[in-house]
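Have a look; sequence and predicted model below, questions after that.
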Amino acid sequence: MAPQAFQSEFVRTLHARGFVHQITDAEALDRASAEGVVTGYIGFDATAPSLHVGSLVQIMMLRWLQKTGHRPIVLMGGGTTKVGDPTFRDTSRVMMEGTQIAANIASIRTVFGRLLAFDDGPTGAIMLDNDDWLSGYGYLEFLRTYGPHFTINRMLTFDSVRLRLEREQPLSFLEFNYMLMQAVDFLELNRRAGCRLQMGGSDQWGNIVNGVELVRRLQEQQAFGLTTPLITTAGGAKMGKTAAGAVWLNADMLSPYDYWQFWRNTADADVGRFLRLFTELELDDIARLEVLPGAEINEAKKVLANHATALVHGREAADTAAAAAESAFVRGEVSSDLPTVEVARDQLQAGVPLPVLANQIGLTGSSSEARRLLQGGGLRLNDVTQTDVNRLVTLADLGPEGALKLAVGKKKIMLVRPA
RNA sequence: GGGGGAAUGUCCCGAGCGGCAAAGGGGGCGGACUGUAAAUCCGCUGGCUAAGCCUUCGCAGGUUCGAGUCCUGCUUCCCCCA
């Protein structure tokens, strides 16, 4: 079916913006979306206190779902996280404690408040936790109820299982059951909230299909699955990893400034694709931006950074980050919006070896790393490249604004103030 | 139950006759060149207020001046036989 032929705004939009990898029954989903409100869900792991940009594609789909007149469900995997999703993982995941999981869910929840409209209307978003039903099942009950609907023969054919076995890596029985739990999630959501659509990354296809089938068998109703392509950078790398670690969505784990920088540093070749996926700009505008020649493409990257940051952190934080970047990179000024760390005045009075200070404020991962950077000419104090490992930093290094600027490379910049 | 293999730097893959902070890649970071891009070239890629000290090769012991390397036991995985 050609993209233009889609009747529903929902399917048409996702298609046009590059979200769609596979759909279980595209025509039927399109029809259902054109006829009325479709309730759809995406499951999120609760292994960390924040989601990262790897989940952003999924989040954007929930936004579009709601924007185009349907109802999104955010399903937190409180129950499944106790088991650990083995899908396309080489090694088993560690099991997590309930209290930790609950804390993670609470933290993740804060991000969704800005991204989706949670209200009582027909398209109001809702958030659920699969622990609510999964932990309630008794073993025999679960086996009797759902066991008959799955065959080992079939389960072994799913790539997620097959590849693990082929690579001769262990797959525990616990993990093997993961796909059953995810299928049951879909069923429960169908019963509780009339959910008919599950979306996810392409690696979730097998799990999603299982859910679609379970709903069809037990509810005698057609359900849909939709997966996104794996989003990689033009360099072929999985998206969202930087030296500093994952690109978190929670501001307390990655500052809006760094988040803005992440998008600003997008490779030329990725700009158009990312604008379509991670902003809600009109496609016509994006088409204009992505073909900007040479260095002008940087304007498109700023637009991308502004919009992407505004979505997650708000307009104000995005503007602040953009302004800080402008002053730091374009004018080379010390901006108070740069990440700032306070250091005891006494310490500066006495003098601190530069590598020790760099490590102390978290600019580098270790003082040894700082030393190496220093020797390689990669560390600057107040914009002057330093090479002396024994350089002492003192109060004399403070600038007119009472702060000193430490930078690793061109992009990792921090301010130090005495306290 | 019996026999044979495997586990290496907390990103990954992977070499390693008893002298090892441990070859070589990939990835990442820094530098040069640029446009806060890509490509290319060069450097770095255990920790420590550091000419020194400390910790690393699945786990626990042992032999030795000295163990990733040899011996014993254990754990996990793979293969063959039953």
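That came through fine.

Dihedrals phi and psi, residue A:193?
The phi/psi pair for residue A:193 (degrees, to the nearest 10) reads phi -130, psi 10.

Isn't it up against residue A:75?
No - using C-beta atoms under 8 Å, residue A:193 makes no contact with residue A:75, being 10.0 Å away. Bear in mind the C-beta positions are built from the backbone N, C-alpha and C, glycine included.

Would you mind telling me which of these two has the busier surroundings?
residue A:75 (23 against 14; other C-beta atoms under 10 Å).

Quick check: which ranges of chain A have low pLDDT?
For chain A, the stretches with pLDDT under 70 are A:1-4, A:83-97, A:163-172, A:175, A:234-245, A:331-337.

Need the residue in it that's farthest from the chain's center.
Computed with C-alpha atoms, centre = their mean, the residue of chain A farthest from its C-alpha average is residue A:350, at 43.1 Å.

Quick check: the gap between the nearest residue to it once chain neighbours are set aside and RNA strand B.
Spatial nearest neighbour of residue A:350, excluding adjacent residues (C-beta to C-beta, 6 or more residues apart in numbering): residue A:394 at 8.0 Å. Per C-beta to the nearest atom of the strand, to the nearest Å, residue A:394 is found 11 Å from RNA strand B.

Identify the residues contacting the residue in chain A that RNA strand B sits nearest to.
In chain A, the residue that lies nearest RNA strand B is residue A:378 (2.1 Å; C-beta to the nearest atom of the strand). Residue A:378 makes contacts with A:408, A:409, as judged by C-beta atoms under 8 Å, 6 or more residues apart in numbering.

Now do the strands in the stretch 1-150 of chain A.
Ranges of strands in the stretch 1-150 of chain A, per DSSP state E, counting those that start in this stretch, are A:22-23, A:39-44, A:71-76, A:126-129.

Which of the ones you listed sits closest to residue A:113?
Comparing the strands of the stretch 1-150 of chain A against residue A:113 with C-beta to C-beta, the closest turns out to be strand A:126-129 (9.7 Å).

Give me the residues contacting the closest one.
A:71-79, A:105, A:109, A:112, A:118, A:189, A:192-193.

just stretch A:248-255 next, same as before
With C-beta under 8 Å, 6+ apart, stretch A:248-255 has contacts from A:48-53, A:55-56, A:107-108, A:110-111, A:244, A:246-247, A:259, A:312-313, A:317, A:339.

Could you do stretch A:21-36 as well?
A:1, A:6-11, A:38, A:68, A:70, A:196-197, A:202, A:205, A:208-209, A:212, A:222, A:224-230.

Would you mark the buried spots in that stretch?
Buried residues in stretch A:21-36, defined by neighbour count with 16 or more other C-beta atoms under 10 Å: A:23, A:24, A:26, A:29, A:30, A:32, A:33, A:34.

For these, which two are the farthest from each other?
The span of these, defined through C-beta to C-beta, is set by A:24 and A:34 at 17.0 Å.

you'd agree residue A:306 is up against residue A:322?
Yes - between residue A:306 and residue A:322 there is a contact under C-beta under 8 Å: 5.8 Å.

overlap in contacts of those two?
Taking C-beta under 8 Å, 6+ apart as the criterion, residue A:306 and residue A:322 both touch residue A:260.

hang on, the earlier thing: a markdown table for the strands of the stretch 1-150 of chain A, including distance to residue A:251?
Converted to a markdown table, the strands of the stretch 1-150 of chain A look like this (distance: least, C-beta to C-beta, whole Å):
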| stretch | distance to residue A:251 |
| --- | --- |
| strand A:22-23 | 34 |
| strand A:39-44 | 18 |
| strand A:71-76 | 19 |
| strand A:126-129 | 19 |
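
between those strands, which one is nearest to residue A:413?
strand A:39-44 (32.2 Å).

ok, the closest one: who's next to it in the sheet?
strand A:71-76 (parallel), strand A:197-201 (parallel) (DSSP bridges).

after the shortest one, next one along is what?
The one in question is strand A:197-201. Counting by DSSP states H and E, the next helix or strand C-terminal to strand A:197-201 is helix A:205-219.

in that next one, what counts as buried?
In helix A:205-219, the ones that count as buried by 16+ other C-beta under 10 Å are A:205, A:206, A:207, A:208, A:209, A:210, A:211, A:212, A:213, A:214, A:215.
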